[in-house]
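Enquirer: What shape does this take:
(chains A and B)
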Protein chains: 2
Amino acid sequence: MKSNPASDHVYFNDGFKCSTISIQTNITEQNGSGSQGSKEFILTEDGKKVKPPLSTLECTRSWLQNCGRRTFNRKTLHKRLPILSWLPRYNSQDAVGDLVAGITVGLTVIPQALAYAGIAGLPVAYGLYASFVGCFVYIFLGSCKDVPMGPSAIVALLTYQAAQGSWQKSVLLCLLSGIVELLMGLFGLGFLIDFVSGPVSSGFTSAVSLIILTSQIQSVLGITAKGNTFVEIWTQVFHNIEHTRAGDTVLGVTCIVVLLLMRSLSSCKIGPAEQSECTPFQRAVNKILWVVGTARNAILVVVCCLMGYLLHSEEHGAPFRVVGDIPPGLPSLQMPPFSLNANETSNGVAQGFVEMVHSMGSGLVVIPLISLMENIAICKAFANGKPVDASQELIAIGTANIFNSFVQAFPGTGALSRGAVNNASGVRTPLSNIYSGGLVMIALLFLTPYFFFIPRPTLAAIIISAVVFMIEVKVVKPMWRSKKSDLVPGVGTFVACLVLPLEWGILIGVGLNVIFILYHAARPKLTTELLTTQAGVEYSMITPDRCLIFPSVDYVRNLVNKQSMRQNVPVVIDASHVYGADFTTATVIDSLISDFNQRGQLLFFYNLKPSICAIFEQVSAAQFVVYYQEQQLDELLKERNYVQKRPETA
Amino acid sequence: MKSNPASDHVYFNDGFKCSTISIQTNITEQNGSGSQGSKEFILTEDGKKVKPPLSTLECTRSWLQNCGRRTFNRKTLHKRLPILSWLPRYNSQDAVGDLVAGITVGLTVIPQALAYAGIAGLPVAYGLYASFVGCFVYIFLGSCKDVPMGPSAIVALLTYQAAQGSWQKSVLLCLLSGIVELLMGLFGLGFLIDFVSGPVSSGFTSAVSLIILTSQIQSVLGITAKGNTFVEIWTQVFHNIEHTRAGDTVLGVTCIVVLLLMRSLSSCKIGPAEQSECTPFQRAVNKILWVVGTARNAILVVVCCLMGYLLHSEEHGAPFRVVGDIPPGLPSLQMPPFSLNANETSNGVAQGFVEMVHSMGSGLVVIPLISLMENIAICKAFANGKPVDASQELIAIGTANIFNSFVQAFPGTGALSRGAVNNASGVRTPLSNIYSGGLVMIALLFLTPYFFFIPRPTLAAIIISAVVFMIEVKVVKPMWRSKKSDLVPGVGTFVACLVLPLEWGILIGVGLNVIFILYHAARPKLTTELLTTQAGVEYSMITPDRCLIFPSVDYVRNLVNKQSMRQNVPVVIDASHVYGADFTTATVIDSLISDFNQRGQLLFFYNLKPSICAIFEQVSAAQFVVYYQEQQLDELLKERNYVQKRPETA
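Expert: Numbers count the residues shown, from 1 in each chain, chains lettered A, B, ... in the order given. Alright, predicted model coming up:
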């Protein structure tokens, strides 16, 4: 992950904006009394309620007006068609950057596409079919310069799990998941990705990488090991280990070693550390090292392909398994298949649209979500602080997948590994996608005859040496040191993804995280202080540190009562940190007030936000007292004829 | 609901304490610097970290010591055997109060027990079997004076849904749900009840009441209408309406009207409002009115039973359906049935223990939770502010149900309607249960022959006139006025409980509530202010109003970046309201810091709790700057050579 802090002309997109909630903040230049970021959070010095009263009718009307304005203005157009923002400002520097990055990514995507088709259980040609139309679509709709639309290892695995290697189902899945993504984007559901925490995401990615690695072991060894889960595949591998083909194994292992060595080249440098101090020769060598390291997949495939061609004999074939025939030319433009004939299914029974969709099951929801997750991971990694519009990305990858499905592609997204290549190659706008897409089209038109000799172990080696770095072992240490409890969802997701279906694994991780959030909400911390008013009256100040919503209110009521019964002094609840409340809170606060009334103890609320006041007042109007300035407390005590240290004890 | 604020000797239980988290608050008398309620929430004026550093080993040892101390001290004994707290202080006033209340409840429980057995789909005798052993157990273990252990309408309905009217399954269910309750109590899972919010609880109770009411319509009309859901039963009722038996209908409707009239008697008063101003005659009349109103069920049953006896003829039977034979005497003491013979099941196939448990399904979890919910509702309603120990109540009702299952009882709990009677009759300690349990035993020993003539429509009328007041229509109005969004889970639960199985209904309600909590956690509100330091340097102060956990952090990062890019002034994040953070937060804060570094903008954190500092420092140590006093900001700016209004713009 490289970043370029020194760039003086950064690609900037007006359309970037959080998609679900519009931000209304007006900065005024007045000292110390700036305006508020939200209507809810208004606290004036004198305690006046400054929230403007709006009738329901007015609210509805202004909401409708806002909707109308939002839908049909120039800003929305720029947001929904990000190309309008950057194309007018496109310059020669951008063009060079995009060209270099596009070609580099193109050289990466061709071998990856061939390999990932294998993960999806499809003939290699489908990988290439999935790698060009989407790129062109993304140029218009994509909001993130670094995203290279195309097949990804994780989504390919999910495709295999949902479509079980049937190309018809994979293509239909591509259409349907594209539609789901588009709809999610239009309905602003991009925020769902926020509920996948860092640890869960790490656990999931690591588990998926391990599963993909496992699935490629058989290709390296030249054996067949079928199975859906991690354990099944490994059992099969050990069961069939005696059938290992020497040629495949030797080539595969060699390829892995070579790839790992070449990978380290891209970060190798000769000469002084500072680039400006290098001699032109050193600079050239460094550049070549970087290019060789970055284009390692393409170089390896070309070399191995040549090797396959030379070692191939008509009688015995090659000493290792090769990719074989690939239909030449571009895929035909046709509707995705909506039904299967009897001879197209595994069990020989024809399937209609409904049966096909039914057999995909949860994949229709999981693929869009995981696609978004991977895509957003790229955007965030290289956004340099600019906001990422998850909903617009959903629209972009959704539309790309819909178009893709008409050229027999399987589902794709922005692949993380190529995103890093794209960024490191100096990409400037999404236009770089045009070069990578173009390279794939050239490959399909002219190079398919040569792909025949690409050895399968080489493709497996490419996958293995890519995913092995996605197993995030190094994240465990900082997690352990900073917040140990976050290891629970992280490790939980990892283990669950390995032993259960992937969608269950990620659901379990998210569920564990939700439990932590709920526990947070349910157990606020209370601080108790014994203070004295300006007039010298002792009182007890109880400060809850977060909002009072239903899971916590009885706990708070119990604690407050318990504290208050220890000393018979007036109690003040400092609600400065209380930003939200609900009806259950209001009823429990009412009980709390009557508890105090029955004990004859005084209870006041300090600094309660007006919006929450309104909620409480509806349930317990009479004895509910709020004040906003410290000196008001003495007046309130005087009004109630309170005298300190009364003889009777409650 | 009556309460007695003037009582000078209130039943008080030392054992009351929140069960899951022990509270460690020491009030010191120092002015203005009271100790803290929790270690997490420590903010000293000078910003020193005051949390004592503890090694993992030390933590473990002190935790073990604490565990040991907690398990074996006198306080725990009093908490787990609440009778030890109140019995030594028992006096004559308590004895009178308990006697009156116990007999009143006993007169209520006998007709209710007969009726609720019908809801559970069992012969009436089982209702009585469920009403005495548990009472005696509760005396020792119960922590709440107002709880009358015994059958309840809601739990009876759940029993019917789980056991389908088989007495063997109902008794086994009683044992198993008792064990589940006991285990939940011992593991301190009483807090689970906190996640059922007021609106969900109201929606559930209302729906259940409507279903129970529906199920009793057939008894009033003298027809048969089988069905599990609300809609099914009503369809059956309309289908069979022509079979209506005149005798049953007339008696049932009359009984309902009479009961509703008698119910209003208990709140009727003659003479002056103030009791002390009444003449002895007026006082006596008021007392009689109250007794008649409270014991209305018993009175009606006796009258109708007499009527049944008089109208009964050997040839035609009674003009309405009667309860019929009840086996005389106490139930035999025997093990709950762990298997079913072929002739005991509906389909004629013998069932083993596993099949029986399997057929109960989710009832094994739902019954304990709902039992606890109803029981805690009583405790809270009459606790007068004293904390309620949900886990101890679980232990009490669990043990009571386990003992109950040996006398062929179906599951029970503290029934809300009798709890109100108990409290209004002046109950002082759980000892009142001894009188109601005793009355039930007397009824079983001597009165069963007379129960033969109790008309079924009378029992149905008792149920209907009890549950009709549990449909909480009047809670809608304050909810609408105080927090409209709370109507969503409330109405959602109500509708879902009516059309789906009950456990789904309550899960949907809780789920809706959880979504609200998650939304709260995911979308904090940010306040932006443009302030000036003491040295006159402008800076922007951004204040998030709640904790920063993973669903919200990217949103916050986007907003902070967006705000900060508008003006090139140093940014301070005021973390006073931030009480929690996780690993995801730490990584995103790290990205935020590098965003600012790349823009060359300064970023500081103000008032960040030391515990959260520790989390952040592990991920982004170098550029992470926190300060705790306003004047420190100027020094920090000077250190970084910051000059206001620099000419270059980022």
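
Enquirer: list the buried ones in stretch A:547-554?
Expert: For stretch A:547-554, a neighbour-count test (16 or more other CB atoms under 10 Å in any protein chain shown) marks A:547, A:548, A:549, A:550, A:551, A:552, A:553, A:554 as buried. For the C-beta atoms, the positions are set from N, CA and C on the backbone; glycine is no exception.

Enquirer: Ignore what I typed, I meant stretch A:627-639.
Expert: A:627, A:628, A:632, A:633, A:636, A:637.

Enquirer: quick one: contacts for the fourth one?
Expert: By CB atoms under 8 Å, 6 or more residues apart in numbering or on different chains, the contact set of residue A:633 is A:533, A:539, A:572, A:604, A:606, A:627.

Enquirer: want to throw the residues you listed into JSON lines with pLDDT, secondary structure and distance to chain B?
Expert: As requested, those are exported to JSON lines (pLDDT from 0 to 100; DSSP: H, G, I helix; E, B strand; the rest coil; distance: CB to the nearest CB, whole Å):
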{"residue": "A:533", "pLDDT": "83", "secondary structure": "coil", "distance to chain B": "11"}
{"residue": "A:539", "pLDDT": "87", "secondary structure": "strand", "distance to chain B": "11"}
{"residue": "A:572", "pLDDT": "89", "secondary structure": "strand", "distance to chain B": "12"}
{"residue": "A:604", "pLDDT": "88", "secondary structure": "strand", "distance to chain B": "17"}
{"residue": "A:606", "pLDDT": "88", "secondary structure": "strand", "distance to chain B": "15"}
{"residue": "A:627", "pLDDT": "85", "secondary structure": "strand", "distance to chain B": "19"}
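
Enquirer: Narrow the buried residues of stretch A:547-554 to those in helices?
Expert: For the buried residues of stretch A:547-554, membership in helices holds for A:550, A:551, A:552, A:553, A:554, with DSSP state H as the criterion.

Enquirer: Give me the distance between residue A:540 and chain B.
Expert: Counting by CB to the nearest CB, to the nearest Å, the separation of residue A:540 from chain B is 8 Å.

Enquirer: So that residue belongs to a strand, correct?
Expert: Yes - remark: residue A:540 belongs to a strand, assigned using DSSP: H, G, I helix; E, B strand; the rest coil.

Enquirer: from what I can see residue A:554 touches residue A:588, true?
Expert: Yes - taking CB atoms under 8 Å as the definition, residue A:554 is a contact partner of residue A:588 at 6.2 Å.

Enquirer: out of the buried residues of stretch A:547-554, which touch chain B?
Expert: The overlap between the buried residues of stretch A:547-554 and the neighbourhood of chain B (criterion: CB under 8 Å from any CB of the partner chain) consists of A:547, A:549, A:550, A:551, A:552, A:554.

Enquirer: residue contacts, the fourth one?
Expert: What it means is residue A:551. When contacts are counted by CB under 8 Å, 6+ apart, residue A:551 is found next to A:518, A:521, A:522, B:194, B:195, B:197, B:517.

Enquirer: before we move on, what about the first one?
Expert: Taking CB under 8 Å, 6+ apart as the definition of contact, the neighbours of residue A:547 are A:521, A:524, A:577, A:578, A:579, A:580, A:581, B:520, B:546.

Enquirer: one more time with 10 Å
Expert: With contacts taken as CB atoms under 10 Å, 6 or more residues apart in numbering or on different chains, residue A:547 has the following neighbours: A:521, A:524, A:575, A:577-582, A:585, A:612, B:517, B:520-521, B:545-547, B:577.

Enquirer: if we can go back for a sec, as a markdown table, the ones in helices among the buried residues of stretch A:547-554 with distance to residue B:211 and pLDDT would be great.
Expert: Below are those laid out as a markdown table (distance: CB to CB, whole Å; pLDDT from 0 to 100):
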| residue | distance to residue B:211 | pLDDT |
| --- | --- | --- |
| A:550 | 24 | 80 |
| A:551 | 27 | 82 |
| A:552 | 31 | 83 |
| A:553 | 28 | 83 |
| A:554 | 27 | 81 |
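
Enquirer: now these as JSON lines including distance to residue B:374?
Expert: Formatted as JSON lines, those follow (distance: CB to CB, whole Å):
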{"residue": "A:550", "distance to residue B:374": "18"}
{"residue": "A:551", "distance to residue B:374": "19"}
{"residue": "A:552", "distance to residue B:374": "22"}
{"residue": "A:553", "distance to residue B:374": "19"}
{"residue": "A:554", "distance to residue B:374": "15"}
